[in-house]
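[1] fold the following and give me the result.
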Amino acid sequence: MFKKFSFTKELSKEEELQEYICAAKKVPIKYIQKNIIDLDLDIENYEYSPAEAILELGLDEELVQDLVEDFVIQIVKYKPIFLMYIDRLRKKGSDDEQLDYTKLRDLAHKNLGVARNLRIADAQFILSELMKKDDLDYLDMCAKALEACVIKLKPEVAFKTSKLIEIKVSL
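    A predicted model of the protein is given here:
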């Protein structure tokens, strides 16, 4: 009853966005980087440049940026699905059932193609890990790190997408 008259301070859109970005930065990407063998890329400090994709794909920068935004939206939407598949595998593992990673790996493969085409190196490595590994805790961390990587790419797009998802879930 008293919740209706709550006097908690609401954050501005900029403050919410900054909190969202800070939360993404707290994902322990270093943990993943230590577990990826033969990694020549510093995932934690990786900065995407569309120049390679523009040159190799023969597209203009605006189109590549639009495709990157679509990729960000897609990953933010798919992160809960990745986590759901991982959770289902955990439950089956606790019941001593044979684990089938097919759905998880198919989803990772689908997104890996986009990351490769756009030359988004950190997402490529993490999606590759999602396709290869069987350690569910590690895969869980990879799904979270993947979202953190796309938040770095286009923070505002990721934030708006996550807010839209929250609204849809609450309906």
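
[2] low-confidence regions, the protein specifically.
    Scanning the chain with the threshold set as pLDDT under 70 gives 1-9, 28, 30-33, 35-41.

[3] check contacts around residue 74.
    Applying Cβ atoms under 8 Å, 6 or more residues apart in numbering to residue 74 gives the contacts 111, 114. Yep, even glycine has a C-beta here, placed from its N, CA and C like the rest.

[4] check contacts around the closest residue to residue 133 other than its chain neighbours.
    In space, and not counting its chain neighbours, residue 133 is closest to residue 139: 5.9 Å by Cβ to Cβ, 6 or more residues apart in numbering. With contact set as Cβ under 8 Å, 6+ apart, residue 139 has these partners: 82, 86, 104, 129-130, 133.

[5] filter these down to the buried ones, PyMOL style.
    Remark: buried members of these, expressed as a PyMOL selection using 16 or more other Cβ atoms under 10 Å:
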select buried, resi 82+86+104+129+130
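
[6] circling back: sticking with the residue nearest to residue 133, tell me its helix or strand.
    Element membership for residue 139, per DSSP states H and E: helix 136-153.

[7] now that helix: buried residues?
    Counting neighbours by 16+ other Cβ under 10 Å, helix 136-153 gives 136, 138-153 as buried.

[8] quick one on the thing from earlier: the residue nearest to residue 133 and residue 96: what is the separation?
    Distance, residue 139 to residue 96, by Cβ to Cβ, to the nearest Å: 19 Å.

[9] go on, residue 134?
    Counting by Cβ to Cβ - residue 134 and residue 96 are separated by 15 Å.

[10] which ones among the contacts of residue 139 map onto helices?
    Residues of those located in helices (DSSP state H): 82, 86, 104, 129-130.

[11] including distance to residue 76, could these go into TSV?
    Putting these into TSV (distance: Cβ to Cβ, whole Å) gives the following:
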residue	distance to residue 76
82	11
86	17
104	17
129	19
130	16
